[in-house]
Each structure stands twice: as C-alpha cells, then as structure tokens.
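**Student:** Any chance you could fold what I've pasted below:
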Amino acid sequence: MADYLIRATAADGNARAVTAISTQLCEEARNRHSLSYVATAALGRAMTAGLLISSGMKRADARVNLQFLGGGPLGKVWVDAGADGSVRGYVQHPQIELPPNALGKLDVGGAVGRDGMLHVIRDLGFGYPYSGTVQLVSGEIGDDVTQYLVTSEQTPSAVLLGVFVDSAGVQAAGGMMLQLLPGAPEQLIADMEAKLSGLTGFTPLLRSGMGLTDILENLLGDWGLQIAADTQMIRFHCPCSEDRMLRALRLLGEVELKDMIEKDGGAEATCHFCNEIYRVGEPELQQVIEQLQDQA
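**Tutor:** Below you'll find the predicted structure:
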C-alpha cells in the first residue's frame, strides 16, 4: 500500500493529531543514497517529521526545511518537505554505521550527535520564510522536533517517529504528531503525557498490524476523536532535472564553462537530495556558452 497520512482532532477541538505511514518513501531514500541501517533510521525519521509538520500548512506550495547539525558522524541531516505530500532529504555521510545503543536499538542519537542545533525554515508560500533554531535534545529526531515545536512555536506537542529496517530493507516506518491548540485546558497537557507514556515506539504498532485509524482510535478514542475524511498520499520526490542543472551552469559564466570543456569534455552534477546524476556533454555546454554570448 502507498504511503499516506491522516489528520484528526480530539478533546472538543483542543487537540489535533497527524499520523503517517512512510515505509515506501524511506525505502526509496535508502536505495537512492545507499544508506546504512542507522542512516536509514535517521533520515527516515527526519523525513517523516517534515511531512507531519508540513501537513498543517495551508498552501499547497508551502514547504518546511529541517537541518540537523549535531556534530555526530552522520554529519548534516537535511530534509525538505511540502504541504503537497512530497519530501526529499539526505545525510552527509550515508554509509556510517554504529553499534546498537544501550537499549539494543539503532543509535540514531549517537549518529546524529547531541552537541548542535536543529534549524527549521518554514516557507508558507508568501515569499517571507520563517526560521527557528533550537538546541538538540538527544539527536533522536523526535525529541528534537518536539523541543522545537514547544519552545520555538510555543505549541505543547509530542512527536513519535520510527523506522524498522533490516537486511531486506525498510519494513515499517511512520510517525505521529499530537498537539494541543491555544486555549486548551492545562489538564490536557498532563493527560497527553499520560497517554503517550505507555507507548514504546511507533513501528511496533505498525508491525502489529494496526493501521493509522486504529492507532488514533486506540490513543484518542476516549477524547471524542474526529478523523478527517481526506487521506493525503505522501511520497519521496525531488524536482531536480537536467534543465535545472543547465540553468545552474549558466551562473558559472563563459570562462568556467570553456574550462570544463577543455579539461573534462563536459560536466557532471549529482543532486544532494535524491542522488540523481546528470551528465552534460560538450555540445550542450557549448550551447549554453552561445546563449551567454548572445545575451552579452
């Protein structure tokens, strides 16, 4: 089944929830970037978090950018997610692997690092992006996104993320974001913490056979849960193209392009976000040079 997310409200409209299954898009990212186990878990969690956040943005062209800079061996973890359900991302060192942590699980926190920052940029589609930065809490992605939502956006939140990957690939991935809206009774914060305290993770729920509706009913059914009728499909998607590459090459200028022809006989570029490789030969570069000359 394709990846998707659903939205819901509860507690007389004082709480909202978004939950997603992202197994296939995480597997595509794993294949595209040749990710290690721990890199798959880190990037998969981050991409899912980006989709959960962007799902509440109003315009279809709105996007959110998450950059985790924790000082760990994975280096930068960078995600770009849109309200249209598309997401892309990469890690700086995709083949880094670490021993399991003290709980016997993939050591995402150790791989991402804890001595650094999470930078969030929200582009609402109006040309004036909003940015926020918070100190990383654990490097485990979910805790750090929760910290951002609580401190930078002043929204009581809980973010639960998970990626289960084995030698055959990503078997289950997804997440949930639960938030209390302005004006919600103070007691709801304690109630939300109590509800989440018994959960040991998100992927165990998926692997047990529960669907997203089942998970929401199980968690919020006694809060007057109202699940929205619209289901949004989500996917790994990158808008890069050869045409974009050629436009970027134009910015290098005529001298640099001629040098590429002389030394390399063309140009090659790899997209960080999707690992797609674009190769441009001498005729194409010569055409770009002629266009620059015509403009001059």
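
**Student:** hey, let's count contacts and neighbours off CA atoms from now on
**Tutor:** OK.

**Student:** quick one, phi/psi of the residue minimising distance to the centre of the chain?
**Tutor:** Centroid check for the chain by CA atoms, centre = their mean gives M47 as the closest residue, at 1.9 Å. Here the main-chain torsion angles of M47 (degrees, to the nearest 10) amount to phi -70, psi -40.

**Student:** check which helix or strand covers the closest residue to it other than its chain neighbours.
**Tutor:** Of all residues not flanking M47 in the chain, V79 sits nearest, at 5.8 Å (CA to CA, 6 or more residues apart in numbering). Here V79 sits within strand 77-82, counting by DSSP states H and E.

**Student:** send the alpha carbons of that strand over as CSV?
**Tutor:** Only the C-alpha atoms of strand 77-82 are listed here, as CSV (Å, rounded to 0.1, in the frame of the first residue of the first chain):
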residue,chain,number,x,y,z
VAL,A,77,20.8,15.6,8.1
TRP,A,78,18.7,17.7,5.7
VAL,A,79,15.1,17.3,4.8
ASP,A,80,12.7,19.3,2.6
ALA,A,81,9.0,18.5,2.9
GLY,A,82,5.9,20.1,1.3
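
**Student:** Give me the phi and psi angles of V91.
**Tutor:** Main-chain dihedrals, V91, degrees, to the nearest 10: phi -120, psi 150.

**Student:** since we're on S22, how many residues are nearby?
**Tutor:** When neighbours are counted by other CA atoms under 10 Å, S22 registers 28.

**Student:** At which residues are the strands of the stretch 101-250 of the chain located?
**Tutor:** 117-123, 130-135, 157-166, 169-180, 226-233, 235-236 (DSSP state E, counting those that start in this stretch).

**Student:** Could you give the average pLDDT over the longest one?
**Tutor:** Along strand 169-180, the predicted confidence averages to a pLDDT of 96.

**Student:** Just the helices from the chain, written as ranges.
**Tutor:** Along the chain, the stretches classed as helices by DSSP state H are 23-33, 37-54, 108-112, 142-151, 187-197, 203-207, 212-220, 242-250, 254-264, 282-295.

**Student:** distance between the longest one and the chain's centre?
**Tutor:** I take that to be helix 37-54. 5 Å (CA atoms, centre = their mean, to the nearest Å).

**Student:** Please parse the protein into its domains.
**Tutor:** Per the record, the chain has its domains at 4-236, 242-295, by automatic domain parsing.
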